[in-house]
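Trainee: pasted the sequence and its predicted model underneath.
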Amino acid sequence: MGSCASVFWSDDPADPTLHSRVTLSDAQYERLREDKDALLAALKPVFAVDMPCRVGHWLQGSYKNHTIVRPVSTDGDFDVDVGIYILCDAEGAGVTATRARQAMREALAQAVCDGDEVQCVEKPACERVQFTGLHLDLPLYYYDERNDRCRLAHAENGWIDSDPKSYQDWFNEAIHRFDAACVRRVIRYIKTWAAVTWLAKPDAVPPSIALCTLIAELYQDGDGDDERFASTVSAIREQLEREQKVVHPLTGEDLLRFDRATLDDFLEGLRRAERLSKEALGLGLADAFLRWSVLFEHMFPPARAVLPKTDVTSSGLPMRTIPVTIRTELWGSVRPGGPSCQKTTTIADVVATDGDKVVFRIENRADYPSTAQVVWLVRNQGDEAAFVNDLGHRRQGGLSDPESRDCKYGGDHYMECYVFNGHELLGAGATEVTIRKAFPSISTKSSRPRLPKKRRRK
């Protein structure tokens, strides 16, 4: 077991862990359920009118697998897959895939999509319903119970063989060779690592089904989640270097579908993750924290929340580095509606009000080479930030470049600063920013999608 096993996962939900930051909050799960249920209740009766038999649905994908993760930025969406099923032999009844897809699009337009808050987008293998911060993908199948046949309505290839339930059965059997909860956690870690690593190039992130298949096949058990992550990443790297694809366990198709350049980029990311995680496993808590923090960035818990005071400097980060002294300027209005002005400047932690702006500067720039590069890393905490998936972000600049942030979410948050000379970490520091709410908090209650009143069919 590595020194950061308890930073990855704890059986106490109150502990700050990587797992608690990558999983959805109860309020977010409630929102997904309500949006999904409201959409299906509006869609299915309208769609069934044009079909020769009953219409049903079946959850699939990460939501069904219990491996869904929160987006790593506010620009990301939750992705929920719900298969819509025509419960008879649609081909035998003369229903083409084109006709079925068209009928479902018309039903969505009539019952759900309004082009404003809820938009519908046609994809080759599904219809996508886009809400704010959430999209539901609705692949359309028919299931012929008599012949036990399931086929997908593809926009370009017509009816094609596809059976998500058989894949789900395979997945469940594969992960239950071990402790399934551990396997699912590792899947969440690796999906989050990939999303953070290729945040600027989302097309380089493997499809969720490819990652789930790889991990279900190659999962390596260990004494802690940090060890499980490291060993599984190594196994994935070895297989992808050898096979250069991810084979669907039932159909044989390549689930990865990467070109050579994208595959090489992903393999290089795996090698980096393997190297840093193996280094971390052999280090003490403070030094291991830095390696894991490089891999998971803002999704890893704040240093001050997990490291003992004996392992950190007064700035709150490991003392193996030259401490960065951060000067903080707090800007805001001193009275409601008043002009913005500088409230305070300090090298200590600050208490701010939502609506204020905080400017951060490195005070001891002379301690580092003028060519050094700086990474500013925000780590947010609390229900408000989690509900809108704003747990942090990073920006890179020079020693003299200030960094400014607006105060939005109540609670205790951190601005961390890392100074690098090439790949060598020279210095680190952190400032805590406690934000007090002057106005009501951002709602973390579920909000149903706006479903227009159904129109009568003529």
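Mentor: Received it, and whenever you're ready, just let me know what you need.

Trainee: can you pull out the helices in the stretch 251-400 of the chain?
Mentor: Listed in chain order, the helices of the stretch 251-400 of the chain (DSSP state H, counting those that start in this stretch) span 260-281, 285-296, 303-306, 383-387.

Trainee: where does the stretch 51-200 of the chain dip in pLDDT?
Mentor: 114-116 (pLDDT under 70).

Trainee: which residues in it form strands?
Mentor: Secondary structure of the stretch 51-200 of the chain (DSSP state E, counting those that start in this stretch): strands located at 55-60, 78-86, 119-122, 127-131, 134-138, 140-144, 149-154, 158-161.

Trainee: now render those as a markdown table, adding distance to residue 361 and mean neighbour count.
Mentor: Backbone N, C-alpha and C define where each C-beta goes, glycine included. Shown next, in a markdown table, are these (distance: least, Cβ to Cβ, whole Å; neighbours: other Cβ atoms under 10 Å):
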| stretch | distance to residue 361 | mean neighbour count |
| --- | --- | --- |
| strand 55-60 | 50 | 18 |
| strand 78-86 | 37 | 22 |
| strand 119-122 | 42 | 14 |
| strand 127-131 | 40 | 20 |
| strand 134-138 | 38 | 20 |
| strand 140-144 | 56 | 23 |
| strand 149-154 | 55 | 20 |
| strand 158-161 | 58 | 14 |
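
Trainee: looking at those strands, spot the one closest to residue 368.
Mentor: strand 78-86 (40.6 Å; Cβ to Cβ).

Trainee: which strands and helices sit next to the closest one?
Mentor: helix 26-48, strand 55-60, helix 61-65, strand 134-138, strand 140-144 (3 or more Cβ pairs under 8 Å, 6 or more residues apart in numbering; DSSP states H and E).

Trainee: how about JSON lines for those, with distance to residue 18 added?
Mentor: Below are the helices and strands packed on strand 78-86 laid out as JSON lines (distance: least, Cβ to Cβ, whole Å):
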{"stretch": "helix 26-48", "distance to residue 18": "17"}
{"stretch": "strand 55-60", "distance to residue 18": "26"}
{"stretch": "helix 61-65", "distance to residue 18": "18"}
{"stretch": "strand 134-138", "distance to residue 18": "23"}
{"stretch": "strand 140-144", "distance to residue 18": "36"}
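
Trainee: right, and the ones you listed - which one's nearest residue 249?
Mentor: Using Cβ to Cβ, the nearest of the helices and strands packed on strand 78-86 to residue 249 is helix 61-65, at 14.1 Å.

Trainee: how about residues contacting that closest one?
Mentor: 32, 68-69, 79-81, 137, 164, 168, 171, 184, 187, 208-209, 212 (Cβ atoms under 8 Å, 6 or more residues apart in numbering).

Trainee: again with stretch 395-413
Mentor: Contacts of stretch 395-413 (Cβ under 8 Å, 6+ apart): 332, 352-362, 365, 368, 370, 372-376, 378-382, 384-385, 390, 415, 419, 432-437, 441-442.

Trainee: also stretch 209-216?
Mentor: So stretch 209-216 is in contact with 61-62, 65, 67, 167, 171, 174-175, 183, 186-187, 190-191, 194, 232, 236, 239-240, 246-249, 255-256, going by Cβ under 8 Å, 6+ apart.

Trainee: which of the residues you listed fall within helices?
Mentor: Counting by DSSP state H, the contacts of stretch 209-216 place 61-62, 65, 167, 171, 174-175, 183, 186-187, 190-191, 194, 232, 236, 239-240 in helices.

Trainee: wait, residue 95 sits on residue 50?
Mentor: No. Contact criterion Cβ atoms under 8 Å: residue 95 and residue 50 do not qualify, at 9.0 Å.

Trainee: more neighbours: which of those two?
Mentor: A count of neighbours by other Cβ atoms under 10 Å puts residue 95 above the other of residue 95 and residue 50, at 21 against 16.

Trainee: looking at this structure, which strand is longest?
Mentor: In the chain, assigned by DSSP state E, the strand with the most residues is strand 424-436.

Trainee: report the angle between it and helix 285-296.
Mentor: Here strand 424-436 runs at an angle of 80 degrees relative to helix 285-296 (axes from the mean of the first three to the mean of the last three Cα atoms, to 10 degrees).

Trainee: pLDDT averaged over strand 424-436 - what is it?
Mentor: Taken as a whole, strand 424-436 carries a mean pLDDT of 90.

Trainee: for that strand, list the C-alpha coordinates in PDB.
Mentor: What follows is strand 424-436, C-alpha atoms only, in PDB (Å, rounded to 0.1, in the frame of the first residue of the first chain):
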ATOM      1  CA  GLU A 424      12.200  20.100 -11.800                       C
ATOM      2  CA  LEU A 425      10.000  21.400  -9.100                       C
ATOM      3  CA  LEU A 426      11.700  24.300  -7.400                       C
ATOM      4  CA  GLY A 427       9.100  25.800  -5.100                       C
ATOM      5  CA  ALA A 428       5.500  25.400  -3.900                       C
ATOM      6  CA  GLY A 429       3.100  27.400  -1.800                       C
ATOM      7  CA  ALA A 430      -0.600  27.800  -1.100                       C
ATOM      8  CA  THR A 431      -3.000  30.400   0.100                       C
ATOM      9  CA  GLU A 432      -6.400  29.600   1.700                       C
ATOM     10  CA  VAL A 433      -9.300  31.800   0.600                       C
ATOM     11  CA  THR A 434     -12.400  31.600   2.700                       C
ATOM     12  CA  ILE A 435     -15.500  33.000   1.000                       C
ATOM     13  CA  ARG A 436     -18.400  34.200   3.000                       C
END
